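Engineer: have a look at this fold, sequence not included:
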Ligand code: ADP
Ligand code: MG
């Protein structure tokens, strides 16, 4: 009776919250690395939703600066725990939403650790990419009596505003001759997590090949694993399309213009431009500007359909604990703060039918039922 109504009410309320297309920002702090000698910590305090950084005198008077996020993950939070809060997003991809998951932070702060995992992958250490795909197949299997799903993936890299297909058999392919937000990259059908693992390995290998010329190009390019899902509701024949972008962004560190020249300077300028374009797009969406500057970078052009009121976005912000990283840490936290004040309109399912309004009506009627009980 009463308890059940209460339960239902809460469930529906959560669903409505979940349908809101707001951008969620999670902050993850990397542990000190094994063998690291100086273990003075720039993080003064953290709890589930906030973090306080010690700002050294070089950045003004010695003091502390606090930031609030949807979640803060400390250095010993496991990959599984980090992913736990991401699971509802995976479900919504199968329900026809577009989802973007970003890893942002300076080089060495743990972006690839979050998205892919450490060098030696174990079932416990794999990152968001593997877990997301695993869940996607698991949930689609659970739904097989009412839906039939087709899943396919693309893997691209954006380096100096050039899009490169990591699943191309051989040479670099540039998307510039094709549609803006659909890169001319191979779309490969997959039917199991191991299919995806094989493709991710291929993509990593293709990425590595090009990085021999320049050391660690991976920190200076954005890499994006895109998962396309098409579901057919067996009873009605309705087609639902969802899409998930898993983006390991280029390192956000600012390079000192007086110290770099030539290729390095060009790289740095491209990275700055695309990361600030990302920030601009999100902040202009939050202000409901009629003009959203998607075209200012390849990254935002590519993600145009998956950023904004119709989509769900999750940004993992990474910070390093070392005091000498504090300048970058503060700039990362400020970027995150700018992005997280966002409240976008309701996300929309890529299909006609059930939406927030209906759920709100149900909540209203449940509330009325609840009031009658009291
Ligand atoms: P980025 O991709 O941001 O440059 P990495 O993910 O490569 O950074 O992380 C740098 C180093 O720190 C790697 O050796 C990685 O394994 C380690 N590391 C990062 N985050 C964690 C974490 N949460 N727990 C343990 N080790 C981590
Ligand atoms: Mg990396």
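Structural biologist: Now that the structure is in, tell me what you want to look at. Since the structure is predicted, the reported quantities are computational estimates derived from the model, not experimental observations. Ligands and ions are numbered 1, 2, ... in the order given.
Engineer: quick check: which element contains residue 52?
Structural biologist: strand 50-55 (DSSP states H and E).
Engineer: give me the neighbour count for residue 78.
Structural biologist: 11 (other C-beta atoms under 10 Å). No exception for glycine: its C-beta is placed from N, CA and C like everyone else's.
Engineer: and residue 314, what is it in contact with?
Structural biologist: 23-26, 86, 89, 99-102 (C-beta atoms under 8 Å, 6 or more residues apart in numbering).
Engineer: hang on, I meant residue 242
Structural biologist: Contacts of residue 242 (C-beta under 8 Å, 6+ apart): 92-99, 228-229, 231, 350.
Engineer: find the nearest non-adjacent residue to it, please.
Structural biologist: residue 93 (4.1 Å; C-beta to C-beta, 6 or more residues apart in numbering).
Engineer: for that neighbour, which residues are in contact?
Structural biologist: 99, 136, 227, 229, 242-244.
Engineer: likewise for residue 332?
Structural biologist: Counting by C-beta under 8 Å, 6+ apart, residue 332 has contacts 104-106, 109, 252, 317-319.
Engineer: let's go with 10 Å and repeat that
Structural biologist: Contacts for residue 332 (C-beta atoms under 10 Å, 6 or more residues apart in numbering) come out as 27, 67, 104-106, 109, 252-253, 317-320, 325.
Engineer: show me which residues of the stretch 101-250 of the chain are close to ligand 2?
Structural biologist: Where the stretch 101-250 of the chain comes near ligand 2, counting by C-beta under 5 Å from the ion, the residues are 111-112.
Engineer: could you list the low-confidence segments of the stretch 101-250 of the chain?
Structural biologist: The model of the stretch 101-250 of the chain has pLDDT under 70 over residues 169-183, 208-216.
Engineer: try it again with 80
Structural biologist: 169-184, 207-218 (pLDDT under 80).
Engineer: and the protein, which residues reach ligand 1?
Structural biologist: 30-31, 33, 105, 107-113, 118, 219, 318 (C-beta under 6 Å from any ligand atom).
Engineer: could I get the full set of helices for the protein?
Structural biologist: 2-19, 79-84, 87-94, 111-115, 128-142, 193-211, 262-286, 298-302, 326-340, 356-373 (DSSP state H).
Engineer: quick check: the closest residue to residue 197 other than its chain neighbours vs residue 368, distance?
Structural biologist: Counting by C-beta to C-beta, 6+ apart, residue 130 is the residue found nearest to residue 197 once chain neighbours are left out, at 7.0 Å. Using C-beta to C-beta, to the nearest Å, residue 130 is found at 45 Å from residue 368.
Engineer: what's the answer for residue 218, then?
Structural biologist: 56 Å.
Engineer: could you dump the contacts of residue 314 to TSV with neighbour count and distance to residue 77?
Structural biologist: Converted to TSV, the contacts of residue 314 look like this (neighbours: other C-beta atoms under 10 Å; distance: C-beta to C-beta, whole Å):
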residue	neighbour count	distance to residue 77
23	23	21
24	19	16
25	26	16
26	22	10
86	18	13
89	20	18
99	23	22
100	24	22
101	25	17
102	27	18
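Engineer: now do the contacts for residue 222.
Structural biologist: Per C-beta under 10 Å, 6+ apart, neighbours of residue 222: 102-103, 156-159, 163, 247-250, 270-271, 274-275, 278, 297-299, 302.
Engineer: so between residue 218 and residue 368, which is more surrounded?
Structural biologist: Just comparing residue 218 and residue 368: by other C-beta under 10 Å the higher neighbour count belongs to residue 218, 21 against 9.
Engineer: I'd say that one and residue 115 touch.
Structural biologist: No - using C-beta atoms under 10 Å, residue 218 is not in contact with residue 115; the gap is 11.5 Å.
Engineer: which neighbours do these two share?
Structural biologist: By C-beta under 10 Å, 6+ apart, the residues touching both residue 218 and residue 115 are residue 248.
Engineer: closest to the centroid, which residue in this protein?
Structural biologist: Closest to where the C-alpha atoms of the chain average out (C-alpha atoms, centre = their mean) is residue 101, at 1.4 Å.
Engineer: tell me the bridge partners for it.
Structural biologist: For residue 101, the residues forming beta bridges with it (DSSP bridges) are residue 246, residue 314.
Engineer: appreciated, that's everything.
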